[in-house]
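>>> generate coordinates for the sequence data below:
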Amino acid sequence: MTRKGRIPMTFSQTLGIGLLLGSLAGGATAAPDQVIVVRHAERAPEPKDDPALSAEGAERAELLAATLASAQVKTIITTHYRRTRETAAPLARQLGVTPTVLTIRRGDVPAHIEEVLAEVRKATGVVLVVGHSNTVAAIVAGLSSSQPAKLCETTFANLFVVTPGAAGAPALQLKYSKPDQPPEAGCQ
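The predicted structure follows:
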């Protein structure tokens, strides 16, 4: 049931409208049309230093690829950790895109976020960024007027869409795949 005057839209339709609005906003410099930012999918408990995705995480990664199949992603950015690379892998294979892998230096998350933002700003078209619970909110804030709360350790379903060329535009926060557990205090 819809409210009067509202038409329900799929994610692809919402993204298409965002792409249109971003292109109408224009701009003299090269910039991505849209940036989609997600946290990596659920990880296995071992090995602690660099776990792969769990079976649940692998399923979520496949659903991310299905969700973004028609989004015209041209650039994929991940970290060097297996969980981000494996989250992006199904979409990268499907599209024939080789992800850009950025290394997070231990204890230097702010520098990593700046590196991601610089890499995003060099790209054109639609960009997918796969980050971590402690980087996603800062990446979204660096690309938009939104200030999302830090993601909880149990949060994996958030998908943020940013139109960088639209001055002061907020990020659109969507959900994909199965719902997350209820958030803890101080995070989403």
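>>> quick check: F160 is in a strand.
Yes: the assignment for F160 by DSSP: H, G, I helix; E, B strand; the rest coil puts it in a strand.
>>> and it, bridged to which residues?
Counting by DSSP bridges, F160 forms beta bridges with V37, Q173.
>>> roughly how far does it sit from D108?
23 Å (Cβ to Cβ, to the nearest Å). Yep, even glycine has a C-beta here, placed from its N, CA and C like the rest.
>>> settle it for me: which of those two has more neighbours?
F160 (24 against 12; other Cβ atoms under 10 Å).
>>> ok, R106 - how many residues close by?
R106 is flanked by 6 other residues according to other Cβ under 10 Å.
>>> distance check, it against S177.
30 Å.
>>> at the geometric centre of this protein, which residue sits there?
For the chain, the residue nearest the mean C-alpha position is V37 (1.5 Å; Cα atoms, centre = their mean).
>>> that one reaches V136, doesn't it?
Yes: here V37 lies in contact with V136, judged by Cβ atoms under 8 Å, at a distance of 5.7 Å.
>>> overlap of the contact sets of the two?
Both V37 and V136 are contacted by F160, under the criterion Cβ atoms under 8 Å, 6 or more residues apart in numbering.
>>> dump stretch 91-101 to PDB, restricted to CA.
Taking Å, rounded to 0.1, in the frame of the first residue of the first chain, the C-alpha atoms of stretch 91-101 are listed here in PDB:
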ATOM      1  CA  LEU A  91      30.300  -7.900  -8.300                       C
ATOM      2  CA  ALA A  92      33.900  -7.400  -9.700                       C
ATOM      3  CA  ARG A  93      33.700 -10.800 -11.400                       C
ATOM      4  CA  GLN A  94      30.300 -10.100 -12.800                       C
ATOM      5  CA  LEU A  95      31.300  -6.700 -14.200                       C
ATOM      6  CA  GLY A  96      34.900  -7.600 -15.200                       C
ATOM      7  CA  VAL A  97      36.200  -4.800 -12.900                       C
ATOM      8  CA  THR A  98      39.600  -5.100 -11.100                       C
ATOM      9  CA  PRO A  99      39.200  -3.600  -7.700                       C
ATOM     10  CA  THR A 100      41.600  -0.900  -6.400                       C
ATOM     11  CA  VAL A 101      43.000  -2.300  -3.200                       C
END
